[in-house]
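Trainee: fold the following for me, if possible:
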Amino acid sequence: MTNNGWNLQQTYTKLPPTFYSRQKPAVVPAPQMVIFNDDLARDLGLDCNALKSATGIFGGNTLPPGAEPIAQAYAGYQFGHLSMLGDGRAVLLGEQTMPDGRRYDIQLKGAGLTPYSRGGDGLAALLPMLREYIISEAMHYLGVPTTRSLAVVLTGQNVMREKALPGAVLTRVASSHIRVGTFNFAAQFGSLDDLRSLADYAIDRHFPHIADSDNKYLLFYREVCQRQASLIAKWQLVGFVHGVMNTDNMAISGETIDYGPCAFMDAYNPDTVFSSIDFHGRYAYKNQPTIGAWNLARLAESLLPLIDQDQHKAMGLAKDEIESYMRAYEKHWHDGICRKMRLDANSPDSAALIAKQLDMMATNGLDYTNSFGNPAIIPRNHRVEEALVAAENGDFAVMHNLLAALRNPNAGSPHYAQPPIVGESYKTFCGT
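Mentor: Numbers count the residues shown, from 1 in each chain. Below you'll find the model as predicted:
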């Protein structure tokens with residue numbers, strides 16, 4: 001039998017068992033392929049033609065060769081408060097290993113109960129999974145580092161939310177699923193050796209060039225900070241609002257992860273919030289850079305024992321890196337907005353011109369994307385909803401047309417570039 005391109009390994013289990021539980025995905029009654037990402041499959045070295053009909057694998061009924069499924073443990077500061085969490089509805093099958101040594105996690109989301117389900121059902125509904133597929137693909141083609149979606153499969157059973165909804169499993173691909181919250185978990189619930197093991201694993205996986213450096217843990221922290229500075233600047237530049245920037249939703253790889261109550265801003269308003277549960281605007285568009293710094297401070301607290309035995313010295317070193325993060329963010333954002341406005345980033349007048357432009361946009365409620373025209377196309381909230389409503393009624397053509405447009409964000413299309421009607425409000429939900 002051919003392995004259809006699968007080359008799975010499971011290196012996460014080299015960590016102490018406190019970081020994971022062995023967990024097979026739930027068997028579903030009637031898996032049916034809804035969408036398969038041919039381009040991503042080819043990038044992963046997989047056989048597209050064979051696998052797009054492999055509903056058993058992407059529904060969780062059949063394990064691909066080499067899979068060792070686990071659910072990962074982690075914690076997270078959720079709206080500022082630390083909680084014990086973990087993969088409550090996701091199972092990591094393993095890492096697809098490329099000939100050049102790169103590894104990508106293959107995870108099934110909506111794959112049933114795990115030891116970390118915390119009273120949930122471990123399942124996912126179709127529309128939130130399709131929404132993640134659409135938004136993550138849009139982010140990829142916008143040039144924003146992101147996890148991606150390989151497939152969405154209907155399960156043949158309903159899940160209960162406000163009403164009965166068709167169940168689905170999404171296959172997520174990521175450089176890894178190690179989060180800031182994974183380090184929060186290690187520091188709060190593990191030993192110093194556990195923390196060191198996790199840090200060494202993360203360094204070997206993502207930053208091998210610092211593995212033999214003096215104070216590699218400080219350098220690791222620096223790398224994470226710098227990647228987040230670049231990432232969040234890219235969010236701001238395309239008007240993306242993550243919506244739930246808890247530390248369990250910040251990947252140390254610098255990829256956007258967990259597309260729950262996210263959305264793209266239409267009319268420019270720095271106070272924009274989409275999440276139905278963000279009552280005080282903690283994760284508003286304007287707050288994302290400082291929340292990034294707050295999350296990185298929580299990572300620093302977890303890493304302090306590794307950075308230096310002298311806690312006071314370790315805190316000083318970490319503080320320097322957070323300040324460096326803010327400077328790096330500001331430069332990434334400034335250079336990017338200058339490109340959008342066709343300004344010389346080194347001009348002493350650029351900052352004043354930018355401020356004047358944004359103030360005019362906010363005062364007049366101008367469309368953020370169309371005020372620059374680059375990119376020309378984002379996943380407009382009303383177009384995403386249009387695609388999801390059609391999908392709910394069995395029509396997937398609207399979604400496929402939207403995805404085709406999103407692959408070329410600078411091409412322009414009156415249909416997909418058109419903002420919503422004036423005064424339209426939009427709320428998002430986490431889908432759990």
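
Trainee: what is the burial count for the closest residue to residue 177 other than its chain neighbours?
Mentor: Closest residue in space to residue 177, ignoring its immediate chain neighbours: residue 105 at 5.4 Å, by Cβ to Cβ, 6 or more residues apart in numbering. Every C-beta, even on glycine, is put in place using the N, C-alpha and C of the backbone. Residues near residue 105, counting by other Cβ atoms under 10 Å, number 21.

Trainee: surely residue 105 meets residue 95?
Mentor: Yes: between residue 105 and residue 95 there is a contact at 5.7 Å, judged by Cβ atoms under 8 Å.

Trainee: can you classify residue 253 by secondary structure?
Mentor: coil (DSSP: H, G, I helix; E, B strand; the rest coil).

Trainee: ok, now how distant is the residue lying closest to residue 195 once chain neighbours are set aside from residue 15?
Mentor: With sequence-adjacent residues excluded and distances taken as Cβ to Cβ, 6+ apart, residue 195 is closest to residue 186, at 4.4 Å. Distance, residue 186 to residue 15, using Cβ to Cβ, to the nearest Å: 9 Å.

Trainee: before we move on, what about residue 31?
Mentor: Distance from residue 31 to residue 15, by Cβ to Cβ: 31 Å.

Trainee: what do you get for residue 108?
Mentor: According to Cβ to Cβ, residue 108 stands 20 Å off from residue 15.

Trainee: show me where the stretch 51-200 of the chain has its helices.
Mentor: Using DSSP state H, counting those that start in this stretch, the helices assigned to the stretch 51-200 of the chain run over residues 55-59, 126-141, 180-189, 192-206.

Trainee: kindly reformat the ones you listed as JSON lines containing distance to residue 313.
Mentor: Listed next are those as JSON lines, based on distance: least, Cβ to Cβ, whole Å:
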{"stretch": "helix 55-59", "distance to residue 313": "49"}
{"stretch": "helix 126-141", "distance to residue 313": "38"}
{"stretch": "helix 180-189", "distance to residue 313": "18"}
{"stretch": "helix 192-206", "distance to residue 313": "17"}
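
Trainee: so for residue 347, which of those helices sits nearest?
Mentor: Minimum separation from residue 347 across the helices of the stretch 51-200 of the chain (Cβ to Cβ) falls at helix 126-141, 30.1 Å.

Trainee: dump that closest one to PDB, restricted to CA.
Mentor: C-alpha atoms of helix 126-141 as PDB (Å, rounded to 0.1, in the frame of the first residue of the first chain):
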ATOM      1  CA  LEU A 126     -19.300  23.200  10.100                       C
ATOM      2  CA  LEU A 127     -19.600  27.000   9.700                       C
ATOM      3  CA  PRO A 128     -16.900  28.000  12.300                       C
ATOM      4  CA  MET A 129     -14.600  25.500  10.700                       C
ATOM      5  CA  LEU A 130     -15.200  26.800   7.200                       C
ATOM      6  CA  ARG A 131     -14.700  30.300   8.600                       C
ATOM      7  CA  GLU A 132     -11.300  29.300   9.900                       C
ATOM      8  CA  TYR A 133     -10.500  27.800   6.500                       C
ATOM      9  CA  ILE A 134     -11.500  31.000   4.700                       C
ATOM     10  CA  ILE A 135      -9.800  33.500   7.000                       C
ATOM     11  CA  SER A 136      -6.500  31.500   7.400                       C
ATOM     12  CA  GLU A 137      -6.200  31.100   3.600                       C
ATOM     13  CA  ALA A 138      -6.800  34.900   3.200                       C
ATOM     14  CA  MET A 139      -4.100  35.600   5.700                       C
ATOM     15  CA  HIS A 140      -1.700  33.400   3.900                       C
ATOM     16  CA  TYR A 141      -2.200  35.100   0.600                       C
END
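
Trainee: no further questions, thank you.
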